[in-house]
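In: Curious how this folds, go ahead:
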Amino acid sequence: MATTALLRFAPAAAASPNRDGDLLHIGTWGQNQVHAVRFDSARGTMAPLGPVVEVSSNWVTVHPTRPVLYVAGGEQGGIIRTFHINGASGALSQTGELVTQAAPGGSGGLSYIGLNTEADTLLVADFATGSAVTLPVGRDGRLGAVASRVQDTGSGPNPRQAGPHTHHVVIDPSRAFALVADFGADRVFVHDYDRASHRMSAETPSGPRSFATVPGSGPRRLAFHPRGRTVYLLNELTADLQVLRWDSTTGVLTARQLLTTNAPGHTGTTSAAELAISRDGRHVYTSNRGDNALVVFSVAPDTGLLTEKQRLPCGGVTPWSFTLHPGGRWMFVANEASSTVNLFHVDPGSGRLTDTGASVDIPQPDCITVRAS
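Out: I've put the predicted structure just below:
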């Protein structure tokens, strides 16, 4: 059973599920549940609230200002469900459901959903069909009908790359382009994006612009530096982290640096999973599932290039994803195979992580959202 864990350097105080605090909602891989956890950011305590809805949850994301949670399912159809969040209990009440696929796709379902900066568009990566979708989001957080759908093409040499498999979608800081990381095609596709209509489109005669990775890389995650001129790309199959120059006028990506997230002398499974950048743009964080590790990189302020700064165990097994707390002092790690969510302290100055020893038991967690109180 899940238990409340306390930071070793926090004041001795138990976390209560009923008091004010941040709410975490956690998707579970193949378990058809979303769990809730109450987090006290001052004390560094986590109190599990248990499963709050029975539903397939490949990925979850929360609205930044409204009590709305979006849940992407693993079923055919590309199903996204919306839920109202009860701030006192963390309970979820379903308010909507829609199908994003034009026709039922293969196995795997949706791999990612996320909101753009303005929170007026939901970005959807459909791993099963190799397509990316946008949906308008109303001021109340409700979803409108599918605004656009773009289909990727291509394949790679790995048996898991027989066709395109969209894994991540982001809007660039200029808000003129949508970038799609495709695991199966070994490409980052660049589409024109129209803010008013929430639509992605490929307007070049030969289709969308694209950046090709080394065959067999398996692009998984993208992150823009806050200055908007650098993109970081994490490749799953090779566990590489790439630094790319971004031209917001032409929508062109250019390779600048390639680093491994594997430990020296790494053997066995190679698999990178999650990528994030600190709000001040000084540090980049990745997770490595092959090494069960978190890797921290420092960012050169003048060039955006990276230097490995820290490597440490993830606190469990298979760090599927992690989420940085909005305050910048905490990281929550979803260790899927060990069925734990582990809490790390983030030093705001150095960017270094410290394993607090705090964790809660969640069955096969895959994604964590934070709704700050």
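In: contacting residues around residue 241?
Out: Going by C-beta atoms under 8 Å, 6 or more residues apart in numbering, residue 241 touches 232-235, 258-261, 272, 275, 284, 286, 297, 306. C-beta coordinates here come from the backbone N, C-alpha and C atoms, glycine included.
In: Please apply the same query to residue 112.
Out: 59, 72, 123, 124, 125, 167, 168, 169.
In: for the last one, what are its contacts?
Out: Going back to what we said before, that points to residue 169. Shown in contact with residue 169 (C-beta under 8 Å, 6+ apart): 112, 114, 123, 124, 125, 132, 178, 179, 180, 181.
In: Give the residue spans of the stretch 1-150 of the chain that score low on pLDDT.
Out: Scanning the stretch 1-150 of the chain for pLDDT under 70 picks out 1-19, 105-108.
In: For it, which segments are assigned as helices?
Out: Applying DSSP state H, counting those that start in this stretch to the stretch 1-150 of the chain gives no helices.
In: can you put the contacts of residue 112 in TSV and add distance to residue 313?
Out: Shown next, in TSV, are the contacts of residue 112 (distance: C-beta to C-beta, whole Å):
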residue	distance to residue 313
59	25
72	29
123	32
124	33
125	29
167	25
168	25
169	31
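In: And the residues you listed, which is closest to residue 322?
Out: Nearest to residue 322, judged by C-beta to C-beta, of these is residue 59 at 13.6 Å.
In: right, and the closest one touches residue 365 too?
Out: No - assessed by C-beta atoms under 8 Å, residue 59 is found out of contact with residue 365, at 11.6 Å.
In: shared neighbours of these two, anything?
Out: In contact with both residue 59 and residue 365: residue 27, using C-beta under 8 Å, 6+ apart.
In: These two - which one has more neighbours?
Out: Each of residue 59 and residue 365 has its neighbours counted (other C-beta atoms under 10 Å); residue 365 has more, 32 against 24.
In: Touching, that one and residue 30? I think so.
Out: No - assessed by C-beta under 8 Å, residue 365 is found out of contact with residue 30, at 11.3 Å.
In: With distance to residue 354 as new columns, can the contacts of residue 169 be given to me in a markdown table?
Out: As requested, those are exported to a markdown table (distance: C-beta to C-beta, whole Å):
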| residue | distance to residue 354 |
| --- | --- |
| 112 | 28 |
| 114 | 28 |
| 123 | 32 |
| 124 | 35 |
| 125 | 32 |
| 132 | 37 |
| 178 | 36 |
| 179 | 33 |
| 180 | 35 |
| 181 | 30 |
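In: Of the residues you listed - the most surrounded one?
Out: residue 181 (31 neighbours).
In: what is that one paired to in the beta sheet?
Out: residue 168, residue 188 (DSSP bridges).
In: quick one: it from residue 66, how far?
Out: Note on residue 181: its distance to residue 66, by C-beta to C-beta, to the nearest Å, is 27 Å.
In: now residue 135
Out: Taking C-beta to C-beta, one finds residue 135 at 15 Å from residue 66.
In: And these two? Which one has more around it.
Out: residue 135 (21 against 17).
In: Could you double-check that that one sits in contact with residue 142?
Out: No - counting by C-beta under 8 Å, residue 135 sits too far from residue 142 to count as a contact (10.1 Å).
In: Compute the first-to-last residue distance for stretch 285-300.
Out: One end of stretch 285-300 sits 14 Å from the other (C-alpha to C-alpha, to the nearest Å).
In: For it, buried residues please.
Out: Residues 285-299 are the ones in stretch 285-300 that count as buried (16 or more other C-beta atoms under 10 Å).
In: tell me the secondary structure for residue 160?
Out: Following DSSP: H, G, I helix; E, B strand; the rest coil, the label given to residue 160 is helix.
In: residues touching it, list them.
Out: Neighbour list for residue 160: 183, 184, 218, 237 [criterion: C-beta under 8 Å, 6+ apart].
In: The third one and residue 173: what is the separation?
Out: I take that to be residue 218. To residue 173, residue 218 is 25 Å away according to C-beta to C-beta.
In: Repeat that for the first one.
Out: Taking C-beta to C-beta as the measure, residue 183 and residue 173 are separated by 24 Å.
In: Settle it for me: which of those two has more neighbours?
Out: Neighbours were counted for residue 183 and for residue 173 using other C-beta under 10 Å; residue 183 has more, 27 against 16.
In: and residue 313, what does it touch?
Out: Contacts of residue 313 by C-beta under 8 Å, 6+ apart are 292, 293, 294, 355.
In: The helix or strand encompassing the last one - contacts with which helices or strands?
Out: Counting by DSSP states H and E, the element that carries residue 355 is strand 353-361. Secondary-structure packing of strand 353-361 (3 or more C-beta pairs under 8 Å, 6 or more residues apart in numbering; DSSP states H and E): strand 5-6, strand 45-53, strand 306-313, strand 340-346.
In: next SSE after that strand?
Out: Toward the C-terminus, strand 353-361 is succeeded by strand 365-371 as the next helix or strand (DSSP H and E).
In: Direction included, what does that next one pair up with?
Out: Assessed with DSSP bridges, strand 365-371 is paired to strand 22-28 (antiparallel).
In: quick check: angle from the strand it pairs with to strand 353-361?
Out: Per axes from the mean of the first three to the mean of the last three C-alpha atoms, to 10 degrees, the angle that strand 22-28 makes with strand 353-361 is 70 degrees.
In: what about strand 22-28, distance to the chain center?
Out: With C-alpha atoms, centre = their mean, to the nearest Å as the basis, strand 22-28 stands 13 Å off its chain's centre.
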